[in-house]
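Student: With the sequence up front, the predicted model follows.
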Amino acid sequence: MNKSVDLTRGPIFKQLVKLALPIIGTSLMQMAYNLTDMIWLGQLGSNAVASVGSAGFYIWLGMSILLVTRIGAEIGVSQALGRKETETAARFARHSLFWALLLSIFIAAIVLIFTPHLIGIFRLSKGLVEDGAINYLRIVSLGFVFTFINPTFQGIYNGVGNSRLPFYYLLVGLGLNMFLDPMMIFGFSFIPALGVKGAAWATVIAQFVVFSIFCLRFIWKKEIINPDFKRFKLSKEISIKIFKLGMPVATESALFACFALILARMITKWGDIPIAVQSVGAQIEAISWMTSSGFATALGSFTGQNFGANNWSRIKKGYYTTMGIGIFLGSIVTVCFFVFGKEIFSLFLHEPKPLQMGIVYLKILAVSQIFMIIEIITRGAFNGIGRTVPPSIIGIVFTGSRVPAAMILSLEKYLGMLGIWWAISLSSVVKGISLTAWYMTVLHGNGKGKQGRKSFRISLLPTRQRQQIKIESYQEDGGTEDKGRIQQTRSS
């Protein structure tokens, strides 16, 4: 445990930034896998970009499902360590990886079997665009086990408060991906030019290398906790807890992807170019939401450990500190999208029509950047206290509202195609305001939840009675390590 970090004490701002920066770097690197493909494929034209963009939807959907194990690991491990229950933390880690393996194998099998049908949903142009999407998705799905388990490893590291090590491991994968992309897309020496297929193989190889590093360092070297897989025995209680924590987040993210698919199908009415523009624009915007997601993950781990330690004063300070950082970053992104849209978008697409359309896309999304960021940060705060349902309710309701709103706004008598993008942007504004208001009622109302109120009532009892309640509680849970600690405290 020498590489774990205690987030229940010490300077809050420094801890949050120190924890968040590697997570942000890791998130940006995950985005860079896609951006690297987009930049090189953009040299082949918008058809190649449209192929990868449509296939990437199913990678996004798979990652959404695997949020079950990542979120379960982050919250379960962080709260257990906050309670000083290291063995419970190890059990959450083992179970999260077990379920991540099963889910990733299942998703890979489904995608491999039904690839043509899945791509057919997008109604892409027959020939080059559709065939490229099918080939890309088939190859990438071969590496789904590595692609989807790596975030669960990352969640475990985040839960123990060490986000630095996953950053290093994913940096290796990014460097390899950037090195292989041009070689495998355009060909080099004995390597033939594979085009879209080359981008897919570069990603699979890079993800496999990262997976191997995680296995070596976490399982073999035991660098943050001792997973001790020899002691693994499937626990119904731990499994239910993981799915209970992660399922609301995964459901919302999966539905988010489905809503995005519906919107993408609506956009195909205007041709393949808007699909390419939206795919590239989503990657550009990812700089904003992945940066904020890094702070949200840091806040979630910080809040989780302090929630386990029942330190609500520190939870509040952490939330307000992170919100201030998020609003500052959101303001910068908003200005950049408004002022430098052309320079940013021209990095990916060069034809005049897609470029002009991309500039408009970024200006529309600029309206919602601050609100999107405060929503994501507040989601991390909710996750830290184990309440993953409220963010999911807000997300599902208002993200789902994009579909009818887009249908109305995209009518020719209103905004046409731009109405779809306005529906996306305005819904983000509403989500940010609604979720923040909800969390404020939790934080400043009765706020502490059942655990906080129970601990507060117990603290009012006489010392001898408090110790007896704790001992009985740990005897029920079988926490031998903590029973010894409490018995020692009682004798002293």
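Tutor: That came through fine. Residues are numbered from 1 along each chain as shown.
Student: Quick one: mean pLDDT over the strand or helix carrying residue 181.
Tutor: Per DSSP states H and E, residue 181 falls inside helix 164-186. Per-residue pLDDT over helix 164-186 has a mean of 89.
Student: Which is the succeeding secondary structure element to that helix?
Tutor: As assigned by DSSP H and E, the chain's next helix or strand after helix 164-186 is helix 196-214.
Student: Dump that next one to PDB, keeping only the CA atoms.
Tutor: Only the C-alpha atoms of helix 196-214 are listed here, as PDB (Å, rounded to 0.1, in the frame of the first residue of the first chain):
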ATOM      1  CA  VAL A 196      -8.800   2.600 -42.300                       C
ATOM      2  CA  LYS A 197      -7.800  -1.000 -41.400                       C
ATOM      3  CA  GLY A 198      -4.300   0.300 -40.400                       C
ATOM      4  CA  ALA A 199      -5.800   2.800 -38.000                       C
ATOM      5  CA  ALA A 200      -7.800   0.000 -36.400                       C
ATOM      6  CA  TRP A 201      -4.800  -2.300 -36.000                       C
ATOM      7  CA  ALA A 202      -2.700   0.500 -34.500                       C
ATOM      8  CA  THR A 203      -5.300   1.000 -31.800                       C
ATOM      9  CA  VAL A 204      -5.600  -2.700 -31.000                       C
ATOM     10  CA  ILE A 205      -1.800  -3.100 -30.600                       C
ATOM     11  CA  ALA A 206      -1.500   0.000 -28.400                       C
ATOM     12  CA  GLN A 207      -4.300  -1.100 -26.100                       C
ATOM     13  CA  PHE A 208      -2.900  -4.600 -25.800                       C
ATOM     14  CA  VAL A 209       0.500  -3.200 -24.700                       C
ATOM     15  CA  VAL A 210      -1.200  -1.000 -22.000                       C
ATOM     16  CA  PHE A 211      -3.200  -4.000 -20.800                       C
ATOM     17  CA  SER A 212       0.000  -6.000 -20.500                       C
ATOM     18  CA  ILE A 213       1.600  -3.300 -18.400                       C
ATOM     19  CA  PHE A 214      -1.400  -3.100 -16.100                       C
END
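Student: Now do that helix: everything it contacts.
Tutor: 33, 37, 40-41, 44, 48, 51-52, 132, 135-136, 139-140, 142-143, 145-147, 149-150, 153, 166, 169-170, 172-174, 176-177, 180-181, 183-187, 194 (Cβ atoms under 8 Å, 6 or more residues apart in numbering). The way it works is simple: take the backbone N, C-alpha and C, and place the C-beta from them, glycine included.
Student: before we move on, the earlier item: buried set for the helix holding residue 181?
Tutor: By 16 or more other Cβ atoms under 10 Å, the buried positions in helix 164-186 come out as 164-167, 169-171, 173-174, 176-178, 180-186.
Student: And residue 212, how far from residue 15?
Tutor: Noted for residue 212: a distance of 31 Å to residue 15, by Cβ to Cβ, to the nearest Å.
Student: So for the two, which sits in the more crowded spot?
Tutor: Neighbour totals were compared for residue 212 and residue 15, and residue 15 leads with 22 against 14 (other Cβ atoms under 10 Å).
Student: Can you verify my assumption that the more buried one contacts residue 302?
Tutor: Yes - assessed by Cβ atoms under 8 Å, residue 15 is found in contact with residue 302 at 6.6 Å.
Student: anything in contact with each of those two?
Tutor: By Cβ under 8 Å, 6+ apart, the residues touching both residue 15 and residue 302 are residue 7.
Student: Need the phi and psi values for residue 84.
Tutor: Per-residue torsions, residue 84: phi 70, psi 30 (degrees, to the nearest 10).
Student: and it, how many neighbours?
Tutor: Residue 84: 16 neighbours (other Cβ under 10 Å).
Student: Next one: it, what pLDDT does it get?
Tutor: Predicted confidence (pLDDT) for residue 84: 86.
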